[in-house]
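S.K.: Sequence first, predicted model second:
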Amino acid sequence: MKIKSYFSRTVEDAMAAARQELGPDAMLVNSRKAPVESRHLGEYEVVFATQYPGAEPASAPAPAETPWAEPDQIVPQPPGERLSVEVAELKKELEGMRRALMRSALAPPQWVGVAPDISDAYAMLTASEVAPELAREIVQSAGSRSAGTRTLLPRTALALDGAAFQRALLEEIQSRFQAAPTLGAGPATPKIVALVGPPGSGKTTTLVKLAVNYGLAARRPVLLLSMDTYRVAAADQLRSYAAILGVGFQLLETTAALAQTIEENRGKELILIDTPGLALGDLADSSSLAHFLSTRKDIDTHLVLSASMKPADLSRMVDAFEILRPQRLLFTKLDETGLFGAIFSEAARTRKPLSFFTTGQRIPEDLEAASQARLVELILAGESRAVSAA
C-alpha cells in the first residue's frame, strides 16, 4: 500500500495530479486545508492510497495438504477458515494504513524517516490535544533516552526498543508537571484556600466538596466565606450547603471585610473562600481582589478551570488570571471530555502544580486528588479514543 499527499491551489487540482500519477484505481483517503507549515506547497492537501507499483493483489492462501495425501489428492481448505485468514490479512493492512495516515497527517514534514514508535507517539499525544511543540520535545527526549543517544536527528531512523521507549515516554511526561493535592499555603493553621476562576467553572460546588472531604471528614472546624456578590443565587446556594453541613458561613462585600473575618476566625482549621466568577472582560475591574490575594502569602489560591475548554481558550484564561497570582490549577468537569492533553500542557507550561480533579456533580463523591499517574492514565486513554475516532 502506498500513501501520498498532493498539494495544490484547489482540491480538484490536487486530485487531478494524483489521478494522473497514480492512475484511476487510486483511492481518495482524505482532503483538508494544508497545515501551516506546508501551506507554501499549496492551499489544500489531498491524501491518496494505492498499491505499490507492480504489486499484485493478495491472493487466497494455498490449500493445506494432509501428511498422508498424494500430490493429486489435495484437501481443500474449509471456506470459513479461508475467510478468517483473509479477514486477518485485511485487518493487518488496514492497521498499517491507519498508522501511516496518522504519521502523515499529524507528524511535521521534517520528521519523515524517524522511527515509527516516535512518530506514532507524537501523533497520539497531539491527538489527545497535547501542545504540538511540547509533544515534539517529549518524544524526542524519550527517543534519545531509549536509544542511548544525546540527540535525535530529524531524518535518522533509529531502531528503538519498544518497551524501553514506552518507559522513557512515561518518564518524560511525568517529568514535565507536578501534582500537589493539598490545602493551605504551609503547615500553619488556619489553612486558608481561595478558589478563583471564570463563570461556570464549578467553584462553588468544588468548594463544598473540599469542605466535606478535607474538613468535616477530618473533624476540622470549617468556615465558608463568599465574596460572590455578583450572583445572589451563588451566595444562597453556599449558605444552604453550610446549613446542611453545620458549618459557619459569611457573605462579604469587600476585601477589607474579608481580611477582618479571617483574623476573627483564627481558631478555625480550614477557611474556604468562594470568589465571583470573572470573565476575561471582568478581570480589569477586580484589582482590589487581585491585590489582596497576590499580597496574602497565607492564602492558597487555586485557579478552577473546566477540563472541557478548548486548548487555546484554556491558555488564554490561565494567562489572564495570572493577575490573581494562583499557586495551583484545579480542573473540573473531567466527565465532560475525553481529551486531557490540554490539562497536561498548561501544567507543564506554567509550572503550576495540579491540586484536584472533579468528575461529576455529586457532592462529595466526585472529587479526587490530582496525581501524575492519574493524569498520564487519562491522557493515554484519551489518545486511544482519539486514534480510534481518526
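M.R.: That came through fine. Numbers count the residues shown, from 1 in each chain.
S.K.: Distance of the residue most central in space within the chain relative to Thr255?
M.R.: For the chain, the residue nearest the mean C-alpha position is Gly341 (1.6 Å; CA atoms, centre = their mean). As judged by CB to CB, to the nearest Å, Gly341 and Thr255 stand 37 Å apart. Every residue, glycine included, has its C-beta placed from N, CA and C.
S.K.: Kindly report the same for Ala381.
M.R.: Distance from Ala381 to Thr255, by CB to CB: 42 Å.
S.K.: which regions of the protein sit below the pLDDT cut-off?
M.R.: 1, 37, 51-84, 86, 95-115, 147-161, 232, 382-390 (pLDDT under 70).
S.K.: I'd like the distance from stretch 291-306 to the chain centre, please.
M.R.: 25 Å (CA atoms, centre = their mean, to the nearest Å).
S.K.: again, but for stretch 124-143
M.R.: Distance, stretch centre to chain centre, for stretch 124-143: 11 Å (CA atoms, centre = their mean).
S.K.: That one: end-to-end distance?
M.R.: One end of stretch 124-143 sits 15 Å from the other (CA to CA, to the nearest Å).
S.K.: So which bits of it are buried?
M.R.: Buried residues in stretch 124-143, counted by 16 or more other CB atoms under 10 Å: 124-131, 134-136, 138-143.
S.K.: Strands of the chain, start to end?
M.R.: Using DSSP state E, the strands found in the chain span residues 2-8, 27-33, 44-50, 191-196, 222-226, 248-251, 270-274, 299-306, 328-332, 354-358, 367-369.
S.K.: Just confirm the residue nearest to the centre of the chain contacts Ile138, I think it does.
M.R.: No: in this structure, Gly341 is not within contact of Ile138 by CB atoms under 8 Å, at 10.9 Å.
S.K.: Give me the common contacts of those two.
M.R.: Each of Leu125, Val130 lies in contact with both Gly341 and Ile138 under the rule CB atoms under 8 Å, 6 or more residues apart in numbering.
S.K.: ok, now which ones touch Lys33?
M.R.: Glu43, Tyr44, Glu45.
S.K.: Just the buried ones among those residues, please.
M.R.: Tyr44, Glu45.
S.K.: mind putting the contacts of Lys33 in TSV, distance to Gln327 included?
M.R.: TSV is the format used below for the contacts of Lys33 (distance: CB to CB, whole Å):
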residue	distance to Gln327
Glu43	46
Tyr44	46
Glu45	44
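S.K.: and Asn265, how many neighbours?
M.R.: 16 (other CB atoms under 10 Å).
S.K.: Spatially, which residue comes closest to it, not counting chain neighbours?
M.R.: Once flanking residues are discounted, Asn265 sits nearest to Leu223: 5.3 Å by CB to CB, 6 or more residues apart in numbering.
S.K.: my guess is the one you found meets Glu269, correct?
M.R.: No: look at Leu223 against Glu269 with CB under 8 Å: they stay out of range, at 9.2 Å.
S.K.: neighbour-wise, which of the two wins?
M.R.: Leu223 (24 against 16).
S.K.: what separates the more buried one from Gly202, distance-wise?
M.R.: Leu223 is 21 Å from Gly202, by CB to CB.
S.K.: what residues are up against Arg41?
M.R.: Arg isn't right for residue 41; it's Leu. Counted by CB under 8 Å, 6+ apart, Leu41 has contacts Phe7, Ala34.
S.K.: can you check Leu258 too?
M.R.: Leu225, Met227, Leu252, Ile273, Phe292.
S.K.: try 7 Å this time
M.R.: Applying CB atoms under 7 Å, 6 or more residues apart in numbering, we find Leu258 in contact with Leu225, Met227, Leu252, Phe292.
S.K.: Between those residues, identify the one with the most neighbours.
M.R.: Result: Leu225 is most packed of the contacts of Leu258 (other CB under 10 Å), 25 neighbours.
S.K.: Please report the distance of the nearest residue to that one once chain neighbours are set aside from Gly202.
M.R.: Distances taken as CB to CB, 6+ apart place Ile273 nearest to Leu225, at 4.8 Å, with adjacent residues excluded. For Ile273, the distance to Gly202 (CB to CB) stands at 15 Å.
S.K.: So the two - more neighbours on which side?
M.R.: Ile273 (25 against 20).
S.K.: With Ala369 as the reference, measure out to the more buried one.
M.R.: 20 Å.
S.K.: and Pro221, how many neighbours?
M.R.: For Pro221, using other CB under 10 Å, the count is 16.
S.K.: actually Lys2, sorry about that
M.R.: 13.
S.K.: wait, doesn't it sit right on Thr50?
M.R.: Yes: with contact defined as CB atoms under 7 Å, Lys2 counts as touching Thr50 (5.3 Å).
S.K.: ok so, going back, now tabulate the contacts of Leu258 in a markdown table and tack on distance to Ile118.
M.R.: Shown next, in a markdown table, are the contacts of Leu258 (distance: CB to CB, whole Å):
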| residue | distance to Ile118 |
| --- | --- |
| Leu225 | 51 |
| Met227 | 49 |
| Leu252 | 54 |
| Phe292 | 48 |
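S.K.: between these, which is closest to Gly186?
M.R.: Phe292 (18.3 Å; CB to CB).
S.K.: Contact partners for the residue nearest to the closest one when sequence neighbours are not counted?
M.R.: Closest residue in space to Phe292, ignoring its immediate chain neighbours: Thr255 at 4.0 Å, by CB to CB, 6+ apart. Contact partners of Thr255, counting by CB under 7 Å, 6+ apart, are Ser288, Leu289, Phe292.
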